[in-house]
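Enquirer: Just the structure for this:
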Amino acid sequence: MAYTTIPKSTDYFNTTLYVGNGSSKTITGIPFPPSLVWIKARSAAENHVMVDTARGANNYLMQNTTNGNDTNPEFLKSFTSDGYTLGLGDRVNKSSTNLVSWNWKANGAGSSNTDGSINTTKTSANTTSGCSIITYTGNATAGATIGHGMGIKPSMIIIKELAGGNDWIVYTQALTANKILYLNSTAGENDNNVFFNDTEPTTSLITLGSIGATNGSGVAMIAYCFSNVKGFSKQGSYLGNGSTDGTFVYTGFKPAWIMIKKSSAAGTNWFIFDDKRVGYNPDNDYVSPNTNGAEGSTVYLDILSNGFKLKANESDVNTNGATYIYMAFAAEPLVSTNGIPSTAR
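Expert: Residues are numbered from 1 along each chain as shown. Model prediction:
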């Protein structure tokens, strides 16, 4: 019996490694036309870069800053059917620099969604993989809603106002709608109803508060939404145990990508791991979305066939009794539609 509705995870999520050449470079071989591309230099201190089809090529955001939308034709110049073309910008294509890009499939440029009280400018939603990119203009009205188009309740929402100055706001179902985190910060959870009006998202709508960071009056905004999809994606939380024989987190698939943040206290970075950089336990190198730092190599976790296991008594990922939130995407389901089980690395 099939374990998942997505028999091949790489049809919807992909990690690509490349070396910059300081000139024009086309990245190919992604098994789908990417809708969301997140790029980070691994061997150099460079800001993160996020580009999507809803805003269009040449437009980028930097997750480790509060800067707004900027344009540069020398970053991601164009999207293609199996990748994208880069210019000579150092953050995405510095000569001899090792880089990583994480790529998601939504639904191209998208179109306006009229389900909510605010008609979105663009909603690019994939109902199979539970991924949606939304652009909209805020109205500063508590309880305003926007349509996400996925048909499944979002389990993580990341919102950024495009004018600049405000933090990246993160909702996760693990904390509920009355608490948020900041993607660009080491801060812990913030309990405040002005971001999402203390209202959980539904299978069709996201409810907004009245603050500029999620719903500024006349301000262009963007939201990246992800849902739990059995065998493909999982957002949740775990408790640290303060041991090198650390907490095991069950996802139901072999993770290809994991993002972790301590939510119960301030002072720790966000961490991203994937199965392509080095590619085997225990050398799961990380990058931090809230910093421009190069790749780090502290041994924090092992990636397993059905989840991940913490391997360090470190405040960053495994303080005894502390709460951590995570988001993970699959390399392959625990058991795929061909009946073959995945294996640990």
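Enquirer: low-confidence ranges in the stretch 201-345 of the chain?
Expert: Counting by pLDDT under 70, the stretch 201-345 of the chain contains low-confidence residues at 334-345.
Enquirer: all helices in it, in order from the N-terminus.
Expert: Taking DSSP state H, counting those that start in this stretch to define them, one finds helices in the stretch 201-345 of the chain at 212-215.
Enquirer: quick one, strands of it?
Expert: 205-207, 220-226, 233-239, 248-250, 253-262, 270-274, 286-287, 301-304, 307-310, 323-333 (DSSP state E, counting those that start in this stretch).
Enquirer: now the ones you listed in TSV, with distance to Thr121?
Expert: Using the backbone N, CA and C atoms, a C-beta is placed for each residue, glycine as well. Formatted as TSV, the strands of the stretch 201-345 of the chain follow (distance: least, C-beta to C-beta, whole Å):
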stretch	distance to Thr121
strand 205-207	15
strand 220-226	8
strand 233-239	25
strand 248-250	36
strand 253-262	27
strand 270-274	28
strand 286-287	30
strand 301-304	38
strand 307-310	37
strand 323-333	25
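Enquirer: With mean neighbour count and distance to Met150 added, can I get these in CSV?
Expert: Converted to CSV, these look like this (neighbours: other C-beta atoms under 10 Å; distance: least, C-beta to C-beta, whole Å):
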stretch, mean neighbour count, distance to Met150
strand 205-207, 24, 10
strand 220-226, 23, 7
strand 233-239, 21, 11
strand 248-250, 17, 24
strand 253-262, 25, 19
strand 270-274, 23, 23
strand 286-287, 24, 27
strand 301-304, 22, 26
strand 307-310, 22, 24
strand 323-333, 24, 15
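Enquirer: For the stretch 1-150 of the chain, which residues score under the pLDDT cut-off?
Expert: Scanning the stretch 1-150 of the chain for pLDDT under 70 picks out 1-5.
Enquirer: SS state for the closest residue to Lys276 other than its chain neighbours?
Expert: Among residues not flanking Lys276 along the chain, Thr15 sits closest, at 4.4 Å (C-beta to C-beta, 6 or more residues apart in numbering). In three-state terms, and counting by DSSP: H, G, I helix; E, B strand; the rest coil, Thr15 is strand.
Enquirer: what about Ser305, how many neighbours?
Expert: 17 (other C-beta atoms under 10 Å).
Enquirer: Roughly how far does it sit from Tyr286?
Expert: As for Ser305, its distance to Tyr286 is 21 Å (criterion: C-beta to C-beta, to the nearest Å).
Enquirer: again with Met221
Expert: Using C-beta to C-beta, Met221 is found at 29 Å from Tyr286.
Enquirer: do Ala256 as well
Expert: The gap separating Ala256 from Tyr286 is 14 Å, by C-beta to C-beta.
Enquirer: repeat for Asn107
Expert: Per C-beta to C-beta, Asn107 is found 30 Å from Tyr286.
Enquirer: ok, now Ser210?
Expert: Applying C-beta to C-beta to Ser210 and Tyr286 gives a distance of 36 Å.
Enquirer: Val92 is in what secondary structure piece?
Expert: Using DSSP states H and E, Val92 maps to helix 90-93.
Enquirer: residues making contact with that helix?
Expert: For helix 90-93, the external contacting residues (C-beta atoms under 8 Å, 6 or more residues apart in numbering) are 20-23, 25, 39, 41, 46-47, 49, 62, 75-76, 86-87, 97, 99.
Enquirer: Off-centre distance for whichever helix or strand comes after it?
Expert: Next helix or strand after helix 90-93 toward the C-terminus (DSSP H and E): strand 98-104. In terms of C-alpha atoms, centre = their mean, to the nearest Å, the centre of strand 98-104 is set 12 Å apart from its chain centre.
Enquirer: Could you do stretch 176-196 as well?
Expert: On the basis of C-alpha atoms, centre = their mean, stretch 176-196 sits 16 Å off its chain's mean C-alpha point.
Enquirer: Return that stretch as CSV; C-alpha atoms alone will do.
Expert: Taking C-alpha atoms only, stretch 176-196 is exported to CSV below (Å, rounded to 0.1, in the frame of the first residue of the first chain):
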residue,chain,number,x,y,z
THR,A,176,-0.2,28.3,17.5
ALA,A,177,-1.3,31.7,16.0
ASN,A,178,-0.8,33.7,19.2
LYS,A,179,3.0,33.3,19.1
ILE,A,180,5.5,34.1,16.4
LEU,A,181,9.2,33.8,15.7
TYR,A,182,11.5,36.1,13.6
LEU,A,183,13.5,34.3,10.8
ASN,A,184,16.2,37.0,10.8
SER,A,185,16.7,37.0,14.6
THR,A,186,17.9,34.9,17.5
ALA,A,187,14.9,36.0,19.5
GLY,A,188,12.6,33.4,21.1
GLU,A,189,8.8,33.2,20.6
ASN,A,190,6.8,36.5,20.8
ASP,A,191,3.3,36.2,22.2
ASN,A,192,1.3,39.0,20.5
ASN,A,193,-2.0,39.0,18.7
VAL,A,194,-1.2,41.8,16.3
PHE,A,195,0.5,39.5,13.8
PHE,A,196,-2.2,36.8,13.1
